[in-house]
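Q: okay, sequence plus prediction incoming.
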Amino acid sequence: MPPKIEKDAVPVVVEVCSSDDEDGVRPGTSNVSSNKTPLQTMPENQEQLSYTANTPSSVSNNQTLESRSFWKAGDYVVAPTKNPVLAQGHLEHARVHPKFLHSNATSHKWAFGAIAELLDNAVDEIHNGATFVKVDKLDIMKDNSPALLFLDDGGGMDPESIRKCMSLGYSSKKSKTTIGQYGNGFKTSTMRLGADAIVFSRANHSSQSTQSVGLLSYTFLRRTGQDDVIVPMVDFDISGHWAEPIIYSSQDDWSDNLKSILEWSPFTSKEELMHQFEDIGPHGTKVIIYNLWLNDEGIYELSFDDDDEDIRLRDEANRGHLTRLHKKIAELQSHISYRIRYSLRAYASMLYLRKFTNFKIILRGKLVEQFNIANEFKYSKVMVYRPQLGVASKEVTVETTIGFIKEAPSLNVSGFNVYHKNRLIRPFWKVTPDGSSKGHGVVGVLEANFIEPAHDKQDFERSTLFIRLEARLKQMINEYWNCHCHLVGYQSPYSRADIKQKEAPLGHPPGYVSNSKGELPADQHNIGIAVNPQKEMCLDQQTVGLPATVGQKSSKERPGSHNQVTSVDIQASGSVDQICEENIQLFMRCEEHMLREIELKQTVEELEKELEEAKRKCAQLSSDLERKRKQKNTNQQKEDIC
């Protein structure tokens with residue numbers, strides 16, 4: 001049964017400016033203690049609620065964890081429960097059923113996405129002095145099973161912070177630089193990787209040193225038939241020479257919490273539990289995730305045996321080893337764009353855009369070398385995008401580094417690596433249509449802080465800004481490809497164009513266009529010399545003239561003609577793409593004009609107000625001058641009479 005902080009016995013905590021988040025397991029500092037405790041971890045009055053951690057409950061057989069597969073772990077029958085009786089003067093609160101822990105964790109479709117959440121929490125602790133995060137495998141002696149270990153030396157969590165960490169949706173991260181923000185990452189990530197997680201944290205706040213243990217156990221909640229999320233926790237004051245238990249309500253409650261932790265965690269004694277703090281140091285946090293999920297074949301989803309210095313995603317890793325691979329396929333699967341799907345070391349190396357100066361990610365005892373694929377580009381180029389965020393919003397500039405991978409053109413790898421606040425959200429996002437050869441080998445890297453990521457941080461919310469970004473990235477691919485594809489052996493779209501420009505012959509109107517069907521004024525066909533804005537001529541290509549409307553064939557010089565406007569011979573396969581690109585650009589230009597129109601209207605209104613004010617002042621001055629003139633005339637007449 002979880003401890004209770006009584007309103008009259010809340011320890012005073014000095015308010016520290018913090019961007020910590022329960023989103024991870026390492027809020028390093030906390031705000032001033034509140035009299036209220038998180039609903040999901042500590043009921044307002046424990047004696048009034050009818051769930052006790054160590055009291056046996058009648059649980060049906062199908063409520064045990066028979067299925068160790070994550071995607072089936074939520075399929076069990078919920079037994080009818082009796083609502084707790086509330087004491088007079090107490091209000092009902094929204095309760096969270098344990099099944100919600102599982103359904104909430106299904107937001108992570110990919111196990112590495114859950115691991116990335118826990119890495120983010122350690123990275124967010126850099127401002128609290130964190131210098132490393134260790135990810136490793138542990139062997140649970142209790143049942144000889146593997147477990148995941150996450151250890152960092154950040155600020156750690158005091159008793160109040162660890163309760164916020166275990167609560168749903170509570171986030172104290174307010175900084176614009178921190179990755180976590182939703183207050184949900186710790187629960188979703190730990191429950192996605194395993195059925196149970198135990199947290200050890202040590203912190204120094206307000207001249208008090210504390211260490212806390214919290215147990216978030218799906219196994220415990222199901223097998224004891226709980227109908228609310230109960231999180232057993234115990235706290236110790238270590239300011240003196242030994243660990244002194246921190247008692248909030250009664251010694252019995254504290255002992256019940258400790259008993260539940262020892263019964264349902266990998267550690268069977270208080271001594272074993274306290275031993276886990278030895279490698280944390282004076283401050284930091286350790287998370288152990290155990291009862292790891294299995295795949296549909298009954299094998300652990302994460303593989304620790306294929307590589308002693310890596311953690312593999314088993315199902316993805318095995319796909320390339322079922323049959324003898326073709327050489328091209330083997331080369332493709334050795335590229336980092338493929339390896340990040342099954343190798344945690346490869347994924348972690350690309351997870352953060354900028355290299356850390358005083359922070360290390362250590363995976364299974366070996367340092368993860370950070371990797372930026374943009375450093376290996378051939379013919380790299382920086383393109384600037386200025387998204388329209390709104391009339392009153394500050395202008396944002398997004399720089400995209402784009403180029404061919406070093407293996408081009410042999411490997412067909414393409415797409416954009418889009419980061420948000422230094423964190424990789426979408427790796428190798430392919431924006432070109434399937435089946436199109438345009439963009440083969442072209443990769444881009446950019447940081448898009450102006451759009452919001454989804455809750456699992458593996459994609460972006462599909463907002464208007466996101467759609468505009470996607471359209472602009474398509475344009476970048478086309479512009480770069482048209483100007484640089486010939487450098488790696490592809491045929492340039494302009495190579496077959498016979499583009500010439502001469503002076504217009506006398507007697508012909510400006511809209512005159514020559515085509516294969518005859519020479520007619522352009523206005524008779526409702527066409528003119530239309531330039532495709534996507535097919536801008538590159539500076540490094542020696543071509544003359546302007547490309548004509550899409551669909552026109554190349555014209556040939558006719559005897560006696562003084563001027564020929566020659567069009568680009570465009571393949572039919574490219575016409576649809578070009579028309580779509582033109583439509584996208586026209587749509588974006590239309591929106592820009594609409595925003596400009598709104599700005600101009602506001603300017604006109606402001607000028608009209610200024611004009612009215614000027615007219616009013618002018619009328620006032622005229623009135624004053626007329627009055628003074630009359631007064632002067634009156635005074636002059638009086639002087640003449642005198």
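A: Received, thanks.

Q: so where's the stretch 101-250 of the chain uncertain?
A: Along the stretch 101-250 of the chain, segments meeting pLDDT under 70 span 169-184.

Q: how about the helices in it?
A: 111-123, 159-166, 185-193, 218-223 (DSSP state H, counting those that start in this stretch).

Q: who wins for proximity to Tyr490 among these?
A: helix 111-123 (33.5 Å; CB to CB). (Glycine included, C-beta is placed from N, CA and C.)

Q: tell me the angle of that closest one relative to helix 185-193?
A: On the basis of axes from the mean of the first three to the mean of the last three CA atoms, to 10 degrees, helix 111-123 is oriented at 150 degrees to helix 185-193.

Q: rewinding a little: for Phe150, which of the helices of the stretch 101-250 of the chain is the nearest?
A: helix 111-123 (5.0 Å).

Q: contacts for that closest one next, please.
A: Residues outside helix 111-123 that contact it (CB atoms under 8 Å, 6 or more residues apart in numbering): 21, 23-26, 105, 108, 130, 133, 135, 148, 150, 152, 154, 179-180, 185-186, 188-190, 192-193, 287, 301-302, 311, 313, 340, 344, 347-348, 351-352, 359, 361, 423, 456-458.

Q: give me the buried positions along stretch 363-383.
A: Residues Leu363, Arg364, Val368, Gln370, Phe371, Asn372, Ile373, Ala374, Phe377, Ser380, Met383 are the ones in stretch 363-383 that count as buried (16 or more other CB atoms under 10 Å).

Q: what's the closest of those residues to Glu297?
A: Within those, proximity to Glu297 (CB to CB) peaks at Arg364, which comes in at 24.1 Å.

Q: surely Ile289 is within a helix?
A: No. Assignment of Ile289 by DSSP: H, G, I helix; E, B strand; the rest coil gives strand, placing it outside any helix.

Q: next one: it from Gly214, what distance?
A: Taking CB to CB, to the nearest Å as the measure, Ile289 falls 13 Å from Gly214.

Q: next: Tyr248.
A: 14 Å.

Q: who's more crowded, these two?
A: Taking other CB atoms under 10 Å, Tyr248 and Gly214 do not tie; Gly214 has more neighbours (26 against 19).

Q: wait, what's in contact with the more buried one?
A: Going by CB under 8 Å, 6+ apart, Gly214 touches Ile162, Arg163, Cys165, Met166, Ile198, Val199, Ser201, Val231, Pro232, Met233.

Q: what about 10 Å?
A: Contacts for Gly214 (CB atoms under 10 Å, 6 or more residues apart in numbering) come out as 2, 25, 41, 157, 159, 162-163, 165-166, 197-201, 231-235, 257, 261, 287.

Q: in the stretch 251-400 of the chain, which spans are strands?
A: Counting by DSSP state E, counting those that start in this stretch, the stretch 251-400 of the chain has strands at residues 284-292, 302-303, 312-313, 360-363, 366-367, 378-385, 398-404.

Q: shouldn't Leu344 be in contact with Arg314?
A: No. Taking CB atoms under 10 Å as the definition, Leu344 is not a contact partner of Arg314, at 11.8 Å.

Q: give me the common contacts of these two.
A: In contact with both Leu344 and Arg314: Ala111, Leu302, using CB under 10 Å, 6+ apart.

Q: which of these two has more neighbours?
A: Using other CB under 10 Å as the criterion, Leu344 and Arg314 rank with Leu344 on top: 24 against 20.

Q: picking that back up, which one of the strands of the stretch 251-400 of the chain is the most hemmed in?
A: Of all the strands of the stretch 251-400 of the chain, strand 284-292 has the most neighbours on average by mean count of other CB atoms under 10 Å, namely a mean of 25.

Q: pull up the pairing partners for it, direction included.
A: Using DSSP bridges, strand 284-292 pairs in its sheet with strand 145-152 (antiparallel), strand 194-205 (antiparallel).

Q: give the buried residues for the shortest one.
A: Translated: strand 145-152. Across strand 145-152, burial judged by 16+ other CB under 10 Å covers Pro146, Ala147, Leu148, Leu149, Phe150, Leu151, Asp152.

Q: could you dump these to CSV with distance to Ile140?
A: As requested, the buried residues of strand 145-152 are exported to CSV (distance: CB to CB, whole Å):
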residue, distance to Ile140
Pro146, 7
Ala147, 5
Leu148, 11
Leu149, 11
Phe150, 15
Leu151, 16
Asp152, 21
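
Q: with respect to Leu221, which of those residues is nearest?
A: Distance ranking of these against Leu221, using CB to CB, places Ala147 first at 18.8 Å.

Q: my read is that the closest one contacts Leu138, right?
A: Yes. Ala147 lies in contact with Leu138 (CB under 10 Å); the separation is 4.3 Å.
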